[in-house]
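**Student:** Sequence first, predicted model second:
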Amino acid sequence: MNNVDNKIHYEDEIDLRELFNTIYQYKRFILIFTSFCIFMSLIYIYISNPIYKVKSYVQIGYIGSKLIVEPEVLEKELRIIFNVDDKNLKKNEFKTKVNNISITKNASNFIEISTTSINNDKAIKKQKEIINYIKESRYIVINNYERNILESISKREKEIKLVNNIEIPKINREILKIKTQFFLDIDNEINILKNIKIKNLFRKIKLIKQQDVKSIEQKIKFYLNKIDTLKEKIKFYKLKLKEYTKEISNINKENSDNTIIMISSIQMLNYQNLILNAQNNIQNLLLEINNIETQTIPNLKIKKSKLLDVSIQDLNKQIDHIKKIEIPKLLRKKENLLKDRIKDLENERDITLAERKLNLKNEIKDLKYKLNSAYFQNSKKVGEFIISNKPIKPKKNLILIISFITGLIISIFSVFIYRFFKQINIINLKKNNI
C-alpha cells in the first residue's frame, strides 16, 4: 500500500516538475505575451476618456407634514425624462449620462442623483439641470400655496382694518348717539312733561277753580238774588191784590144810582182784570222761583260739583299719571339704554370685537409661520455635490492587474496547448516510423 502511494506521489512530482520546466522553457513567450497584454491595456487606458462621477441628494419639497410629490412618482418621472433606463444610450458616444435616480433607503423624502461625464463640471451641470427641473416642475404647487397664504393674510388684515376703522367707530358713534341724542330726547320729553304738560294741567285746574267754578258760583248767587227779587215782586203783587180786593169791596158799598153802578161795574171789571193779572204774575213768579230752585241752581251746583269732582280730579289723575308712570317710564328707558344697550355695545366693542381681532391676529401669526421655510419649502439640494477628483473610469490599476493576469493565464494556457499538440505530433511520427 505504501509503495502505491509513493508511486502516485512520485508521478505527481514528475508532472509538476514538467509543468514548471515547460513554463520555464517558454518563459520568453509568456513574458512577451503578458507584456503585450499590459501594453495594449496601457494603450486602452491612454486613448480612453476619463469618466468622472458626481453624486448629490435632493430633499423633496413639503408643505407642513405632506410632501409636494410622492417620492415614487418623482423617481419614475425623473428616470423617464432623463433616460436613466434607456440602454441604447450606451452605444452612442459618451458625453454625460444620468446613471441613477433613486429614493434614499433610510430617508424616503430624499432622492439620490448620480451622473457621469468626461469631467466633473459637465456632470455637475447635468446634476443642476435635474435639480432645477425638480424645483420648477413643482414650483406652481409652492407658488399657489404661498399665494393662497398671502391672500389669507391680506384678507385677515383687511378684516382687522374693517374692525378698527368701521365697526368700532360705528359702535362708538352709536354709543355717543344714545348718550347724546337719545338721552337728550328722553330728557326733553321729561322736561316737557314736567314743565309743560304738568304746568298746563295745573293751569287748567287753576282756571277751572278761578273762572269756571267762580262763574258758576256767581250765577248761583245771581239766581239766589233773582229769587229774592222775585219774592219781592210777589210781595208787591200780593199787596196789590189786597188793595184791588179792598177797592172792589168799597165799590160794592156805593149803590146809589145806575150811573154810578155802571161806573162801578166798569171799575170792578178793571180791578178784577188787575187782580187776575197780579195772580198770573204771582203764579209766573212762583213758577220761575220754583224753576230756579229746582232746576237752574241744582244744575249749576251739579256742574260745579262735576268741575270740582270730575274735571279737576281727572286733571289731578293726569298729573299723577305723568309723575308716577310716564316720567318713571322714561327714566327706566334711559336707565335701560344705559345699562342694556350701551352695555351690549360696549361688550361687543371691548369683548366680541377684541376677541375677533385677537383671533385674526393669531390666524395671521399662524399663516406667517406657514410661510416659514420650517413649514414649507420647494425641493432643494442637500449638502454639496459629492465629487471624485479621480475618474471612476478607466480604473487603471484594475485594468493593468486584469491585463497582467489575463495575459499570463492565456500565455501559459497557450504554451500547454502548444506542447500538448506538439507531443501528439511526436507520438504520431514515432508510430509512423515504426
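**Tutor:** Perfect, I can see it now. Numbers count the residues shown, from 1 in each chain.
**Student:** Okay, helices next: where are they in the stretch 201-350 of the chain?
**Tutor:** Listed in chain order, the helices of the stretch 201-350 of the chain (DSSP state H, counting those that start in this stretch) span residues 213-253, 258-291, 297-306, 312-321, 327-336, 342-347.
**Student:** Helix 213-253 and the helix or strand Lys199 falls within, what's the angle between them?
**Tutor:** According to DSSP states H and E, Lys199 maps onto helix 198-207. Here the directions of helix 198-207 and helix 213-253 differ by 10 degrees (axes from the mean of the first three to the mean of the last three CA atoms, to 10 degrees).
**Student:** Sort out which residues of helix 198-207 are buried, please.
**Tutor:** Residues Ile198, Leu201, Lys204, Ile205 are the ones in helix 198-207 that count as buried (16 or more other CB atoms under 10 Å). C-beta here means a position set from N, CA and C on the backbone, and glycine is covered the same way.
**Student:** quick one: pLDDT of the second one?
**Tutor:** It refers to Leu201. The model reports Leu201 with a pLDDT of 81.
**Student:** which residues touch it?
**Tutor:** Leu201 makes contact with Leu315, Asn316, Gln318, Ile319, Ile322, according to CB atoms under 8 Å, 6 or more residues apart in numbering.
**Student:** before we move on, the earlier item: would you turn the buried residues of helix 198-207 into a markdown table with distance to Tyr52?
**Tutor:** Below are those laid out as a markdown table (distance: CB to CB, whole Å):
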| residue | distance to Tyr52 |
| --- | --- |
| Ile198 | 110 |
| Leu201 | 114 |
| Lys204 | 119 |
| Ile205 | 120 |
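**Student:** Go through these and name the one nearest Val141.
**Tutor:** Ile198 (79.3 Å; CB to CB).
**Student:** Domain-wise, how is this protein divided?
**Tutor:** As given by automatic domain parsing, the domain ranges for the chain are 46-138+378-401, 157-370.
**Student:** returning to what we had before: I'd like the helices of the stretch 201-350 of the chain laid out as JSON lines, including mean pLDDT and distance to Val163.
**Tutor:** Output for the helices of the stretch 201-350 of the chain, formatted as JSON lines (pLDDT from 0 to 100; distance: least, CB to CB, whole Å):
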{"stretch": "helix 213-253", "mean pLDDT": "83", "distance to Val163": "67"}
{"stretch": "helix 258-291", "mean pLDDT": "82", "distance to Val163": "85"}
{"stretch": "helix 297-306", "mean pLDDT": "82", "distance to Val163": "66"}
{"stretch": "helix 312-321", "mean pLDDT": "82", "distance to Val163": "46"}
{"stretch": "helix 327-336", "mean pLDDT": "80", "distance to Val163": "27"}
{"stretch": "helix 342-347", "mean pLDDT": "84", "distance to Val163": "14"}
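**Student:** Can you check which of those helices gets nearest to Tyr57?
**Tutor:** The nearest among those, by CB to CB, is helix 342-347 at 57.9 Å.
**Student:** contact partners of the helix or strand following that closest one?
**Tutor:** The helix or strand immediately downstream of helix 342-347 is helix 353-370, counting by DSSP H and E. Helix 353-370 has contacts (CB under 8 Å, 6+ apart) with 64, 149, 152-153, 156-157, 159-160, 163-164, 167-168, 171, 375-376.
**Student:** Relative to Ile216, which of those residues is nearest.
**Tutor:** Distance ranking of these against Ile216, using CB to CB, places Ile171 first at 61.3 Å.
**Student:** Model confidence for that closest one, exactly?
**Tutor:** 88.
**Student:** which residues sit in contact with it?
**Tutor:** Leu345, Glu346, Glu348, Arg349, Leu353.
**Student:** Just to be sure, it is in a helix?
**Tutor:** Yes. Under DSSP: H, G, I helix; E, B strand; the rest coil, Ile171 falls within a helix.
**Student:** ok, now how distant is it from Lys333?
**Tutor:** Distance from Ile171 to Lys333, counting by CB to CB, to the nearest Å: 20 Å.
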